[in-house]
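Student: predicted model and sequence follow; I will ask about them next.
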Amino acid sequence: MCGGEGTRLRPLTFDRPKPMIPLLNKPSLVHLVEHLSLEGFNDIVLTLGYLGGEIEEALGDGSIYGVHIEYVHEKEKLGTAGGVKNAEELFEGEPFMVVGGDHIMNLHLREFVRFHEKNDAIVTIGLLPIDDPRDYGIADMDANNRINRFFEKPGPGEIFSNLASTGIYVCDPEVLDRIPRKKYDFAKDVFPEIMKEGEKINGFLVYGRWTDIGNPQAYREACRWMLEQMPGTKISGRLNIKDAKVTGPIEIGHDVSLGSNSAIVGPIVIGENSSIGDNVLIGPYTSIGSNCVISNNTRITSSYIFNNVEIGSNSAISSAIIDNATKIKDSCILETGTVIGPRVIIGEEVTVNSLVRIWPEVRVKSGTKVSENLGNEEFGNEIKGS
């Protein structure tokens with residue numbers, strides 16, 4: 001399911017659909033497709049909505065990933081279940097698995113399918129214990145794996161379980177008969193209807209790592225987790241080092257230069273044709289895209305920088321996300337949790353306070369202290385929703 005607008009991730013989703021947000025310099029959806037391929041899922045249907053053409057253009061027929069991909073476009077928002085119903089003719093009457101296009105995981109999905117096949121429920125929901133399940137559907141499951149209650153996005157006093165739905169479902173084909181051809185949702189409509197009629201829904205306790213990238217915090221957590229999985233050091237092509245100190249694991253693209261007395265401490269990913277100046281510290285859990293320029297005496301830690309970004313000298317970037325073609329001039333401070341959209345220009349000696357978001361193409365005057373979100377009238381300002 002790849003139809004959402006990704007409003008909670010703005011300003012990162014104005015130029016791209018949410019599944020195409022780069023995660024370690026590769027679209028997050030590509031990571032998901034590669035995982036599904038490794039798990040043995042070879043036939044994939046993508047339901048597309050907002051900017052769906054970009055996804056289709058990027059993935060093609062899927063053959064490069066060892067899978068076969070087909071696409072179904074939504075002319076209007078159909079919800080999670082309605083979007084799947086819209087692709088019904090491609091399922092050929094077989095059981096199917098539903099996965100969100102913004103999911104990042106290393107779950108044993110084949111084991112999940114085998115569990116469903118051995119039991120008699122028409123739907124099996126993947127469940128995972130989560131400390132704070134308020135943004136998820138929660139389930140009350142008994143020792144026989146039967147779900148007795150399911151409640152979407154509970155508030156205080158409603159959290160009867162911390163078993164959260166991963167949004168991954170294995171369904172028998174007859175589930176589609178319960179979905180009308182209109183906007184309809186699995187958690188809010190289909191599951192309550194099945195349970196009301198006394199039919200069985202099972203839960204399967206998945207294990208491993210799973211997250212969606214629905215908001216900036218979740219995105220940063222996904223990046224950090226994937227960086228932790230890096231097996232070692234990989235250098236592609238030419239690397240120009242001038243007495244820099246490099247500690248792995250790192251992954252560096254072709255034609256990267258590291259200036260004198262700079263320190264690179266992994267896990268770190270740096271894209272091709274990027275240049276790191278002198279006396280620069282790049283700390284763990286950072287990814288830097290292609291064609292980026294990091295100037296002298298700058299410090300970057302736990303940040304995720306996309307392509308064609310320029311960062312001036314004597315700047316400090318901490319746990320920030322910076323989108324394509326943004327320019328940050330000298331002596332700036334980006335505090336933790338900041339999100340900077342594409343093509344932004346930030347003047348000299350600017351401080352951006354924690355958790356502030358700056359919309360695309362905004363210009364921030366030198367010497368400014370930015371303490372609240374900076375929007376742009378040419379783009380939507382909503383950050384709640386999908």
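Tutor: Everything's here; your move.
Student: only C-alpha atoms for contact and neighbour calcs from this point on.
Tutor: OK.
Student: tally of neighbours for the closest residue to Thr13 other than its chain neighbours?
Tutor: Nearest residue to Thr13 in three dimensions, chain neighbours excluded: Gly6, at 6.0 Å (C-alpha to C-alpha, 6 or more residues apart in numbering). When neighbours are counted by other C-alpha atoms under 10 Å, Gly6 registers 25.
Student: report pLDDT for Gly6.
Tutor: Here the pLDDT value assigned to Gly6 is 85.
Student: what backbone torsions are found at it?
Tutor: When read as degrees, to the nearest 10, the backbone of Gly6 gives phi 70, psi 40.
Student: so it touches Pro17, yeah?
Tutor: Yes: contact criterion C-alpha atoms under 8 Å: Gly6 and Pro17 qualify, at 7.0 Å.
Student: overlap of the contact sets of these two?
Tutor: The contact sets of Gly6 and Pro17 do not overlap (C-alpha atoms under 8 Å, 6 or more residues apart in numbering).
Student: in CSV, list the C-alpha atoms belonging to the biggest helix by length in the chain.
Tutor: Of all the segments assigned as helix in the chain under DSSP state H, the longest by residue count is helix 216-228. What follows is helix 216-228, C-alpha atoms only, in CSV (Å, rounded to 0.1, in the frame of the first residue of the first chain):
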residue,chain,number,x,y,z
PRO,A,216,10.4,12.3,11.5
GLN,A,217,11.2,10.5,14.7
ALA,A,218,10.2,7.1,13.3
TYR,A,219,12.3,7.9,10.2
ARG,A,220,15.4,8.7,12.3
GLU,A,221,14.9,5.5,14.3
ALA,A,222,14.7,3.5,11.0
CYS,A,223,17.9,5.1,9.7
ARG,A,224,19.7,4.4,13.0
TRP,A,225,18.6,0.8,13.0
MET,A,226,19.7,0.2,9.5
LEU,A,227,23.1,1.8,10.1
GLU,A,228,23.5,-0.5,13.1
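Student: pLDDT on it, on average?
Tutor: For helix 216-228, the mean confidence score works out to 93.
Student: following the chain past that helix, name the next helix or strand.
Tutor: Downstream of helix 216-228, the first helix or strand assigned by DSSP states H and E is strand 234-235.
Student: nearest residue to Leu29 in space, please, no chain neighbours.
Tutor: Pro19 (5.0 Å).
Student: pretty sure that neighbour belongs to a helix, no?
Tutor: Yes: assessed with DSSP: H, G, I helix; E, B strand; the rest coil, Pro19 lies in a helix.
Student: counting neighbours, what do you get for it?
Tutor: Around Pro19 there are 30 residues (other C-alpha under 10 Å).
Student: follow-up on the earlier one: the longest helix of the chain: how far from the chain's middle?
Tutor: 8 Å (C-alpha atoms, centre = their mean, to the nearest Å).
Student: so what does it touch, helix or strand wise?
Tutor: With contacts taken as 3 or more C-alpha pairs under 8 Å, 6 or more residues apart in numbering; DSSP states H and E, helix 216-228 sits against strand 210-212.
Student: just give me how far the strand it packs on sits from the chain centre.
Tutor: 8 Å.
Student: for the residue nearest the centre of the chain, what are its contacts?
Tutor: Closest residue to the average C-alpha location of the chain: Ile213 at 3.2 Å, with C-alpha atoms, centre = their mean. Applying C-alpha under 8 Å, 6+ apart, one finds that Ile213 lies in contact with 102-104, 219, 222.
Student: out of all of them, which strand in this structure is the longest?
Tutor: Scanning the chain for the longest strand, with DSSP state E as the assignment, gives strand 163-171.
Student: re earlier: and the gap between the residue nearest to the centre of the chain and Arg8?
Tutor: In this view, Ile213 and Arg8 are 10 Å apart by C-alpha to C-alpha, to the nearest Å.
Student: and Trp359, how many neighbours?
Tutor: Using other C-alpha under 10 Å, Trp359 is surrounded by 25 other residues.
Student: surely it touches Ile340?
Tutor: Yes: in this structure, Trp359 is within contact of Ile340 by C-alpha under 8 Å, at 6.7 Å.
Student: okay, and the common contacts of these two?
Tutor: By C-alpha under 8 Å, 6+ apart, the residues touching both Trp359 and Ile340 are Pro11.
Student: now for Asn261, how many residues are close by?
Tutor: 17.
Student: hang on, I meant Asp131
Tutor: Neighbours of Asp131 using other C-alpha under 10 Å come to 9.
Student: check contacts around it.
Tutor: Asn162.
Student: so how far is Gly155 from it?
Tutor: Asp131 is 14 Å from Gly155, by C-alpha to C-alpha.
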